[in-house]
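A.B. asks: Quick one, structure for this:
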Amino acid sequence: MRKSTLIKELRQIAASKDADLVLARQGAKHEIYTLRGVSLPVPRHREIAEGTARALIKAAEGA
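C.D. replies: Below is the predicted model:
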């Protein structure tokens, strides 16, 4: 999955929960987003493995 697609999907999940997806910080290998106190480490690659993307979406839905 493309990183931009994943970020859009995470923003949609946040909007459905009336919350904001916030870029907390940028590391060397990951960008750390937060959603209602849940940390979502998104890898800094153009393409993100499907399993990783599914895990991040599941974590965002549970936030």
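
A.B. asks: Please enumerate the strands of the protein.
C.D. replies: In the chain, the strands defined using DSSP state E lie at 22-26, 30-35, 38-43.

A.B. asks: For Ile13, find the nearest of these.
C.D. replies: Among the strands of the chain, strand 30-35 comes nearest to Ile13, with 7.5 Å by CB to CB. (C-beta placed from N, C-alpha, C; glycine too.)

A.B. asks: circling back: and the strands of the chain: which comes nearest Ala14?
C.D. replies: The closest of the strands of the chain to Ala14 is strand 30-35. By CB to CB, the value is 5.4 Å.

A.B. asks: State the mean pLDDT of the closest one.
C.D. replies: Strand 30-35 carries an average pLDDT of 96.

A.B. asks: Please identify the pairing partners of that strand and their relative orientation?
C.D. replies: Applying DSSP bridges, strand 30-35 is found paired with strand 22-26 (antiparallel), strand 38-43 (antiparallel).

A.B. asks: Could you pull out the helices in this structure for me?
C.D. replies: Using DSSP state H, the helices of the chain run over 3-16, 50-62.

A.B. asks: average pLDDT across the longest one?
C.D. replies: The predicted model assigns helix 3-16 a mean pLDDT of 96.
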